Structures are given as structure tokens and as C-alpha cells.
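Trainee: Next comes the sequence, and after it the predicted model I'd like to discuss.
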Amino acid sequence: MPDDRVHAAGEIAALRAELDEHLHRYHVLDQPTISDAVYDQLYQRLVALEEQHPDLITADSPTQRVGAKPLDAFSEVTHRLPMLSLGNAFADDEIAAFDKRCRALLEDAVGDELLEYACEPKFDGLAISLTYVDGLFVQGATRGDGTTGEDVTQNLKTVRSIPLRVRTTARLLEVRGEVLMQRRDFELLNARQAAKDEKVFVNPRNAAAGSLRQLDPRVTAERPLSFFAYGLGLTEGFALPDTHSAAMDLLAQLRFPITTERAVVLGVTGLRNYFEHISKARSSLPFDIDGVVYKVNKLALQQQLGFVSRAPRFAIAHKFPAEEATTILEGIDVQVGRTGAITPVARLKPVFVGGTTVSNATLHNEDELRRKDLKIGDTVIVRRAGDVIPEVASPILSLRPVDAREFVMPARCPECDSAIMKLEGEAVARCTGGLYCPAQRKQALLHFAQRRALNIEGLGDKLVDQIVERGLVHSPADLYRLGVAALSSLERMAEKSAQNLLDGIAASKQTTLARFMFALGIRHVGEATARDLAKHFGNLDRLMDAPLDELLRVNDVGPVVAQSIRQFFDQPHNREVVEQLRACGVHWLETAGNAAVDAKGPFAGKTVVLTGTLSSMSRDDAKDRLEALGAKVSASVSKKTDFVVAGAESGSKLDKAQALGVAVLTEAEFLSYLNPTE
């Protein structure tokens, strides 16, 4: 190696070490020892040397914190160890119950001793995972859904409090923590944004989230993000400490930022005292928190406690009381949900509460609105905690104006003008225009096309979004009027894909009455009820016109289900769509119903087993048609089996049927029994 390169390598190594030390003192310890100007001089010297000797640049150099190209999108990361959420507690008795549960589960290990807990603030930011391989930072990911997150490695490299290399013997080290924006940095950022006439952020958490999820790391680098570690994830080649508090001490030694507001306490009294201390200190902290976290301190006891559902048993978040504000309830509208639910929504005079400006809040349902005695014009208390949807907690009756007005639930749907009805015993009112209502259109189409309904292959969420938003389809009947030209104009739909979908739509025209009834999406009518209705009536017209007392004679149909069916078919819009579907060619085999089925037909009262592959229909379709004719379809062959329908590549069931002397039908024979006149 030439002398100048040797000298440059030595100076580069020394500069990197010095710059890392100053970054740590400034961003982690908040104890800078040099001015920003001196730091910039050192940094620029390093940049110049690396430009002269690019082969000496390494991934952990301070100059590599920004340099990646903008991304088109974030790739997904599957967490090696799930990033589980914590259970929440809001009241003192819930914390006492948490301690009691832990002690009960650990009775053999701890006896009468008080449990030791590690306590720390609950940061109001974004949970992330940092992965180091042989000490080098190689990947950073968001929590996502706990199993899969987004790869934000390049953006996290710009966060100067995150080490790019750590001195550890671990082959794999996963550090978990929170990215946030401290209050002083948030105020400075918003001042800069306002000066440039750009977006001003509502609160530090939103600013941190928006900054971390920038596709261009250079934008993230301009945002003053901070990081605090709160634990270890998966590790390899590394001996874990005995306690969580010792693990946090270790992370501090590895130069990760760790909050100083942490403590180890004993029992419920210790937890209460810590919560009281943090509650008083909350406003003076340099960052936002929304509660505190308690963890059983000993890692061996954590392992013994394990997990329940998607949360650990050994930890809990003690949330601060919801933030509240008062404002005026200026009006109450209703929204129609995708299942037809009618939800009253409060229109509020805008008020800042819980870190954001609130102008709308859910009122849940009419019964809840009446219970709270809310009237339009009231001064009300609005409550919001964290990311919870704002709610109107109560009116201030002493401030109620004389002209305050009662809310009146509309009788007609604001989207489609169908009747709004509420079934007896239910709290939620619903629009009855299920097949017609624009608010329910996407959900109705997806339900209609699903496998157990009309089974239209290829008609998924994204395609339904497009055909509805472009106005191509207004009801399920419109699916059968689509053409290649209209479909091939959609995003990611070439002519061949369009034709494949049309073929699937055409194939769905032949169905069963049970499938068709299920596909209509009548509330409370699931697959089993649809089959029972089809068996009982055998004919759609008889079913649509059946009075309540006749519906109640159907197996497992009670008053609520019967009323729901009657309401659905009493709506002209729904009957019109049904008739349009029939006119488009949707058909099924109709029968005389249960009375006739018992008296005649080759499958009435018989036990049938299906095996192999049928070329003319799916196994589900064959089962539906057999059940419509009064057969019982079994999964196994026995002496009680009357028929075995054998398709292609039949296996052991066919062999057993032949051995037992059970009648075997080929597919052609089966079809001749199903369609005797064809």
C-alpha cells in the first residue's frame, strides 16, 4: 500500500471514530463538546478523503447516512420474531389485576415474594426493529402488523442517534425501539415548514411517521428524528442478561439511546408510585408519551408467562387518561357503512384534542346517542386517547341552549333512498337496499362473487374497486352486461384477462338456489340457512313471497332471520335486481320443495359420497345440487351409503364402494339423474 494511502486510511479511521463520538455525545447524551462548525469541518475533511480514496469507503462511515437513491416503494420485511402489541390498562384496578395474574401463573417460581417490574415511559412514536449482523447495521423495519413491516433501512440510516456499527460479539443482534420527534425539534421543523409555505404537521408523532415513510431518504435526513431503544429482539451468538433492566444497561453500553426515566420497582405499590411520578413529569419530558410500560423484569419469568393471542402476558401498557376538550355539537349526520349500518356522526365545531384537530366524532348508534342525552346545539365533552377514534363523551347540561334540537333518525337511506329499518333486539339501524345502495355496492359485489356464492373467479377487491369507481357496475346484474372493451380499459387488464373474467362470469350463470340465496347477502342468511331455505321452498318465487309464518317453518329460521328475509324482499330495488339477474341468464334447478322431495326423486333421502374430479361442475356445486334434491352428502363410504358418484382419478373411496357393493354412478349417469329431461 502506497504511503499516502496508508496515511489516508489512518486519518479516515481516526475521523470516523471522532465523528461517531461527537454524534453520540450530541444525539444520545445531549452533552456536545464541540460546536456545529467544528463538527462540520471534521465531516468535510472525511468526505474529501473518501472522495480521493473511494475504495476506503465503508457502510458504517458517517458519510453513508445519506446517499441511497429514492425508492419506488418500500419492500416488505417479515420479522424473525413477531413485534407484538401490548395489552392496555387505564385504571388502577386493571394494574392490580395484571399483577395478580402474573403472580398466579408464577406461583411455583416466586411464592409469596413481590414481583420485580421494569418500568419505562411509553413513547408516542413508531415502533421499529434494527438488525445488526456482526455488528454492522444491515436492516431497519417498521412494526407493520406485527408479523410483516416495511423496509426503511435507508431512512433509518439518516437518524443520527442510531449507530451504524456496534461493538458486539453477537452474530445477529436485533434492537427494538421507537422513532419519534422531540418537542423542540418538532417546533423548529414546523417553523421551517411555515417559512417555506409548506405543510405544517399536527403533532410530533404525525411528523415522525411522515418523515420515516418518505421514499426519498434525503427528505428524511432533513427531518430531526430521534430514536430510543426499549428492548432486544432475536439474538444469535450472544448471551442475554438475566433481566430486562440489565438488557437495557447493555444497550446503553452499546451506545444506543436509552431513556433515563426508567426504574425497577416491586409489586403493585411500586407500579403505582412510578405511574404517579411519570404523570407529574410528563409535561417536562422532551418528548411525547401516552403512558408507561410495565414488564416483569426477569427474562426467565417472562419466558414462563409467555403470550396470549397477540400480546405478551408479562407486560402491559398503563395508558394516561383520555384527553378531553369541550366544543359545540353543531349537527348530526348519518353515514352508511359497507354492510348497510347507519351510524350517526357528530359534526363538531373544530377543537384541538389528543394531539389533533377534531371536527367529526362517531356516535355509534341511535340508542347510545339517546342514552347520553345528546342534542344538536349542546356544549359537549369530546374525548380522544392516542389513535382511538374521537367520541362525544357527554353533554354539559348546564350549558344547554333553549333551542337545542333532538336528533331524528332518517326513515330513508341518504345514499339510495331505500327504507332504514332496525330489527327487534338490534342496536344498529340498517339500509335495506343491499343490492342497490351505492355505499354497499363494493361489499355486495365481493360477497356475490365469492367462492361459496356465485364463484366468479378473478373478481377480487382491486377489480371491484375499479369497476365501481368507473361506474361500470351498479348492481350484481351489471356484471353480466360487461364487455371485453370496457374491462380491457381497466388497469392491469389486457384483452385476454378481460376475456378470462367474462368466461368466469358466464360460467357462474349455472348455480343452485342455495348459492344464489347466499350470494344476495341478506342479513343473517349464511350458507347453512340458504341451504335450508332452498330445501324448504325449492322455488325462488315461493320463497320471495313467503309470509313470516311460512319462513318460521324452515329449519333453524327464527323471528330475527325471518324478519330480515321479509324486509329484503319487500324492497322493490332488491326484487328488481333479482329479476335482472334472472333475465341475464342466472339459473338453477328448481324443485317443488320439501313435500315433493320426500315423495320422489332418485336422491331423496339417500346418502351420497362424491369422489374424484367432475368435469362439469365443482365438488361444492355437486353437493349443493344433491342437497337440493333431498340427499345427504357424506365424506366417507360405509354400508349405509346409497350411491358413490365417481369422477376422474377416483381413489380409495371408489375401491371401498366396490368392495361393499355400493352403487357407483359415473359422471354421465349422475348428470342424467340430475337433469332427467335433458
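Mentor: Alright, I've got the coordinates. Numbers count the residues shown, from 1 in each chain.
Trainee: CA only for contacts and neighbour counts going forward, please
Mentor: Will do.
Trainee: any idea how far the residue most central in space within the chain is from F307?
Mentor: Taking Cα atoms, centre = their mean as the criterion, D145 is the residue nearest the geometric centre of the chain, at 7.0 Å. As judged by Cα to Cα, to the nearest Å, D145 and F307 stand 17 Å apart.
Trainee: do A519 as well
Mentor: Between A519 and F307 the distance, using Cα to Cα, works out to 39 Å.
Trainee: go on, G111?
Mentor: Counting by Cα to Cα, the separation of G111 from F307 is 21 Å.
Trainee: Same question for Q443.
Mentor: Taken as Cα to Cα, the spacing of Q443 relative to F307 amounts to 35 Å.
Trainee: Which one's more surrounded, the two?
Mentor: With neighbours defined as other Cα atoms under 10 Å, Q443 and F307 compare such that Q443 has more, 20 against 14.
Trainee: tell me the secondary structure for the closest residue to the more buried one other than its chain neighbours?
Mentor: Taking Cα to Cα, 6 or more residues apart in numbering, and ignoring the residues beside it in sequence, Q443 has R338 as its nearest neighbour in space, at 5.9 Å. Under the three-state scheme (DSSP: H, G, I helix; E, B strand; the rest coil), R338 adopts coil.
Trainee: With the one 5 residues further on instead?
Mentor: Using three-state DSSP, the structure places T343 in strand.
Trainee: same thing with G291?
Mentor: Secondary structure, three-state DSSP: G291 is strand.
Trainee: Return the distance of the closest residue to it other than its chain neighbours relative to S284.
Mentor: Sequence neighbours aside, K319 is the residue nearest to G291 in space, at 4.1 Å (criterion: Cα to Cα, 6+ apart). Taking Cα to Cα as the measure, K319 falls 18 Å from S284.
Trainee: So which of those two has more stuff around it?
Mentor: Neighbours of K319 and S284, each counted by other Cα under 10 Å, are more numerous for K319; the result is 19 against 9.
Trainee: so the more buried one touches S279, yeah?
Mentor: No - taking Cα atoms under 8 Å as the definition, K319 is not a contact partner of S279, at 10.2 Å.
Trainee: So for the residue nearest to the centre of the chain, what pLDDT did the model give?
Mentor: Model confidence at D145, expressed as pLDDT, equals 78.
Trainee: what about it, which SS state?
Mentor: The three-state label given to D145 by three-state DSSP is coil.
Trainee: Quick check: the gap between it and M248.
Mentor: 25 Å.
Trainee: swap in Q303?
Mentor: Distance of Q303 to M248, computed by Cα to Cα: 18 Å.
Trainee: The two: which has the busier surroundings?
Mentor: Summary of the neighbour comparison: Q303 and M248, criterion other Cα under 10 Å, with M248 having more neighbours (22 against 12).
Trainee: What strand or helix carries the more buried one?
Mentor: Secondary-structure assignment from DSSP states H and E places M248 in helix 244-253.
Trainee: And that helix, what's buried?
Mentor: Of the residues in helix 244-253, those with enough neighbours to count as buried (16 or more other Cα atoms under 10 Å) are 244-248, 251.
Trainee: Kindly report the same for stretch 617-627.
Mentor: Residues of stretch 617-627 classed as buried under the neighbour-count rule (16+ other Cα under 10 Å) are 621-627.
Trainee: Show me how far it is from its chain's centre.
Mentor: In this view, stretch 617-627 has its centroid 34 Å away from the chain centroid, taken as Cα atoms, centre = their mean, to the nearest Å.
Trainee: what do you get for stretch 655-663?
Mentor: On Cα atoms, centre = their mean, the centre of stretch 655-663 falls 50 Å from the chain's centre.
Trainee: who touches it?
Mentor: Applying Cα atoms under 8 Å, 6 or more residues apart in numbering, the set of residues contacting stretch 655-663 from outside is 637-639, 641-644, 664.
Trainee: Now, of the residues you listed, which are buried?
Mentor: The neighbour-count test (16+ other Cα under 10 Å) applied to the contacts of stretch 655-663 identifies 637, 641-644, 664 as buried.
Trainee: quick one, longest helix in this structure?
Mentor: Secondary structure of the chain read by DSSP state H shows that its longest helix is helix 3-23.
Trainee: Against which helices or strands is that helix packed?
Mentor: Applying 3 or more Cα pairs under 8 Å, 6 or more residues apart in numbering; DSSP states H and E, we find helix 3-23 packed against helix 36-52.
Trainee: Name the residues that touch the following helix or strand past the helix it packs on?
Mentor: Per DSSP H and E, the first helix or strand lying C-terminal to helix 36-52 is strand 76-78. By Cα under 8 Å, 6+ apart, the surrounding residues in contact with strand 76-78 are 141, 147-151.
Trainee: Mark which of the residues you listed are part of strands, please.
Mentor: Secondary structure from DSSP state E places 141, 148-150 of those in strands.
Trainee: Ranking by neighbours, what's the top pick from the residues you listed?
Mentor: Of the ones in strands among the contacts of strand 76-78, A141 is surrounded by the most neighbours, 25 neighbours in total, counting by other Cα under 10 Å.
Trainee: Check what pLDDT it gets.
Mentor: For A141, the pLDDT comes out at 93.
Trainee: now the one 10 residues further on
Mentor: D151 is assigned 92 on the pLDDT scale.
Trainee: contacting residues around it?
Mentor: By Cα under 8 Å, 6+ apart, the contact list for D151 reads 74-77, 139-142.
Trainee: do T153 as well
Mentor: The neighbours of T153, taking Cα under 8 Å, 6+ apart as the test, are 138-141.
Trainee: Identify, from those, the entry nearest to G291.
Mentor: Top of the list for closeness to G291, among those and by Cα to Cα, is A141 at 23.7 Å.
Trainee: Quick check: that closest one touching S129?
Mentor: Yes - with contact defined as Cα under 8 Å, A141 and S129 form a contacting pair (5.3 Å).
Trainee: Tell me if I am right that A506 is in a helix.
Mentor: Yes - residue assignment for A506, taken from three-state DSSP, places it within a helix.
Trainee: which residues sit against stretch 111-123?
Mentor: Counting contacts by Cα under 8 Å, 6+ apart, the residues outside stretch 111-123 that touch it are 99, 103, 178, 180, 244-245, 259, 261-267, 271, 274, 278, 287-298, 317.
Trainee: that older thread, what residues does the helix holding M248 touch?
Mentor: Contact partners of helix 244-253, identified using Cα under 8 Å, 6+ apart, comprise 118, 229-232, 240-241, 257-258, 264, 295-299.
Trainee: so A534 touches A514, yeah?
Mentor: Yes - under the criterion of Cα under 8 Å, A534 is in contact with A514, at a separation of 5.2 Å.
Trainee: shared neighbours, these two?
Mentor: Contact criterion Cα under 8 Å, 6+ apart; residues shared by A534 and A514: A628.
Trainee: what would the contacts of stretch 655-663 look like in JSON lines with secondary structure?
Mentor: Rendered in JSON lines, the data for the contacts of stretch 655-663 read as follows (three-state DSSP):
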{"residue": "V637", "secondary structure": "coil"}
{"residue": "S638", "secondary structure": "coil"}
{"residue": "K639", "secondary structure": "coil"}
{"residue": "T641", "secondary structure": "coil"}
{"residue": "D642", "secondary structure": "coil"}
{"residue": "F643", "secondary structure": "strand"}
{"residue": "V644", "secondary structure": "strand"}
{"residue": "V664", "secondary structure": "strand"}
